[in-house]
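Undergrad: Got a predicted model here, sequence first, then my questions.
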Amino acid sequence: MGKFSKSKFTLDTFWLIGAQLIYILSGLIINLIIAGSFGATELGIFNQTLGYYAVLASIFSLGLNNTLIKKISSINEEQLGDRKEAILLSTNLFLTTIISCIFTLIIIYLAKNQAALFSSDALAEALIIPFYSLPFYNLNKNFMAYFTGKRRQKDFSLIRTLRWTLVITYIIGALLLKQSLNQLLYCFLFAESILLVYCLIKTRSILSFNIKWSEAIDNLAFGLKSFTSELFAVFNNKFDLLILGYFLSNYEMGIYSFFIFFAKSLYIFPGILQQNLNPIVSKLWDENKIEELQQKVDQIRKINSIIILAQSAMIGIIYYVLILFFKQDFKDSYPYLVVSLVGIIPSALVYWSGSMLIMAGKLKENIYRTFLIMALSVSATFILSYLYGLWGATLAVCAASIIAFFILKIYVRKSLDIKII
């Protein structure tokens, strides 16, 4: 453990933790500001809009960012690494621009002309605004994937920190100018456009117009097979906000989205570990160093378990203090928080291993795993929220966590012969 504590992995983890702390604080500030300035109903609309944005952005990326992580991390530096990197990155940026623009136009058209598809007219109207920024967001995801594949987690963390600093700055400025809730949603376009300029400057030395169509086809094929893992990660965090909008009122959605933000923060630390582990898994698996990979996994499992248990207790205390002294209109939500927090623990214990199948090239197995989890989890959410309302939605979170825990554990052990817990 002493050697592990001095490793690059640990240093990178600290950078990622710092970026995630900014994300947590930004999310908390945004929830408190909107709930305080507009109320629970508007908070429900804002978080549903953010849920649609996050889920659809992941779908429309088609897994191209996963392709970059896998291929960049596997490049042999002695085999014209810089030239290969330039081709991979430039090709992905070209594909992402075309695909994201097409899908963005489709969503904006549907929101304007087929509002009945969404849970409310207010949601359809609000949804148009953040989607103006979707092409920028997916381009930035490719840059972040490039830095992940290179194990430049400091650069990745700086980009994430800059994103949420810009978002929160815009929201505070808009509120000072007494802007409407919909005006606040332009925060994403503001942040992502500035972030894109930053990423272009950061990678200007390797950017080129050297696009290979064979590489494009191969990248897209790999991405389509791999993006289900990322989709599930976003599903874990946001998909419930899409489904529940059809069963709960906007006010109930505001209550739900407030306490579930805290409960799902349990996924943040294992998500950091996953981000850091992905290029390592890819490299060790390609080199057939299975025993060394198992040792890494054992170390991560122990650290993650300790952090998750400590974080659970901390979240429970912080939330209680918050609703007791600052947000008393949410005081009745504490039982929901406790139940969802306990229920999420099983999935959080193994969440860090969610991309191992992709990084090992087991794409078919990963597709089976993710669709099985999503099908069962979505079914539980539909049934329980329809029957029991807000309590049903909370219990569905617990059911989804247990389902994810067992299926991920079984698939990784069966496909990779790696024990994750």
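TA: The structure has been received and is ready for your questions. Being a predicted model, the structure only gives us computed values, none of them experimental. Residues are numbered from 1 along each chain as shown.
Undergrad: For the nearest residue to residue 330 once chain neighbours are set aside, give me the pLDDT.
TA: Distance criterion CB to CB, 6 or more residues apart in numbering; nearest residue to residue 330, sequence neighbours excluded, is residue 323 at 4.9 Å. Every residue, glycine included, has its C-beta placed from N, CA and C. Looking at residue 323, its pLDDT is 84.
Undergrad: Report how many residues lie close to residue 323.
TA: Neighbour count of residue 323, defined by other CB atoms under 10 Å: 19.
Undergrad: Surely it is in contact with residue 331?
TA: Yes. Assessed by CB atoms under 8 Å, residue 323 is found in contact with residue 331 at 4.8 Å.
Undergrad: mind showing which ranges of the stretch 101-250 of the chain have poor pLDDT?
TA: Along the stretch 101-250 of the chain, the model assigns pLDDT under 70 to residues 119, 225-238.
Undergrad: Would you state the helices of the stretch 1-150 of the chain in chain order?
TA: 2-5, 8-37, 40-61, 64-74, 81-113, 121-131, 134-149 (DSSP state H, counting those that start in this stretch).
Undergrad: what angle do the helix or strand residue 317 falls within and helix 8-37 make?
TA: Per DSSP states H and E: residue 317 is located in helix 290-325. Interaxial angle, helix 290-325 versus helix 8-37 (axes from the mean of the first three to the mean of the last three CA atoms, to 10 degrees): 20 degrees.
Undergrad: what's the angle between the lengthiest helix in the chain and helix 64-74?
TA: Taking DSSP state H as the criterion, the chain has its longest helix at helix 363-416. Relative orientation of helix 363-416 with respect to helix 64-74: 50 degrees, computed using the same axes, to 10 degrees.
Undergrad: Distance from the chain centre to helix 363-416, please.
TA: Chain-centre distance of helix 363-416: 17 Å, with CA atoms, centre = their mean, to the nearest Å.
Undergrad: what's the average pLDDT for that helix?
TA: pLDDT averaged over helix 363-416 gives 89.
Undergrad: Please renumber the chain so that the first residue is 38 from this point on.
TA: Let's use 38 as the start, then, which means that last one is helix 400-453.
Undergrad: Going by contacts, tell me the helices and strands next to it.
TA: helix 250-271, helix 277-281, helix 287-300, helix 371-387, helix 393-396 (3 or more CB pairs under 8 Å, 6 or more residues apart in numbering; DSSP states H and E).
Undergrad: List the buried residues for the helix holding residue 354?
TA: By 16 or more other CB atoms under 10 Å, the buried positions in helix 327-362 come out as 330-331, 333-334, 336-338, 340-342, 344-345, 348-349, 352-353, 356, 359-360.
Undergrad: Provide a list of residue ranges in the stretch 288-437 of the chain with pLDDT below threshold.
TA: The model of the stretch 288-437 of the chain has pLDDT under 70 over residues 363-366.
Undergrad: rerun at 80
TA: Within the stretch 288-437 of the chain, the segments meeting pLDDT under 80 span 312-313, 362-368, 400.
Undergrad: pretty sure residue 60 contacts residue 199?
TA: No. Contact criterion CB under 8 Å: residue 60 and residue 199 do not qualify, at 11.5 Å.
Undergrad: neighbours of residue 455, just the number please.
TA: 19.
Undergrad: For it, which three-state class applies?
TA: Assigned with DSSP: H, G, I helix; E, B strand; the rest coil, residue 455 falls in the coil class.
Undergrad: residues contacting the spatially closest residue to residue 376 that is not a sequence neighbour?
TA: Leaving aside its sequence neighbours, residue 376 sits nearest to residue 431 (CB to CB, 6+ apart; 5.4 Å). Counting by CB atoms under 8 Å, 6 or more residues apart in numbering, residue 431 touches 293, 373, 376, 377, 380.
Undergrad: ok, now which ones touch the first one?
TA: Which is residue 293. Residue 293 makes contact with 81, 281, 285, 373, 427, 430, 431 under the criterion CB under 8 Å, 6+ apart.
Undergrad: Put together JSON lines for those residues, with distance to residue 312 on each row.
TA: Shown next, in JSON lines, are the contacts of residue 293 (distance: CB to CB, whole Å):
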{"residue": "81", "distance to residue 312": "30"}
{"residue": "281", "distance to residue 312": "28"}
{"residue": "285", "distance to residue 312": "32"}
{"residue": "373", "distance to residue 312": "29"}
{"residue": "427", "distance to residue 312": "32"}
{"residue": "430", "distance to residue 312": "28"}
{"residue": "431", "distance to residue 312": "28"}
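Undergrad: List just the nearest of those to residue 163.
TA: Distance to residue 163 across those (CB to CB) is lowest for residue 81, with 10.9 Å.
Undergrad: quick one: pLDDT of that closest one?
TA: pLDDT at residue 81 comes out at 79.
Undergrad: Not counting its neighbours along the chain, what's nearest it?
TA: The shortest distance from residue 81 to any non-neighbouring residue, by CB to CB, 6+ apart, is to residue 290 (3.2 Å).
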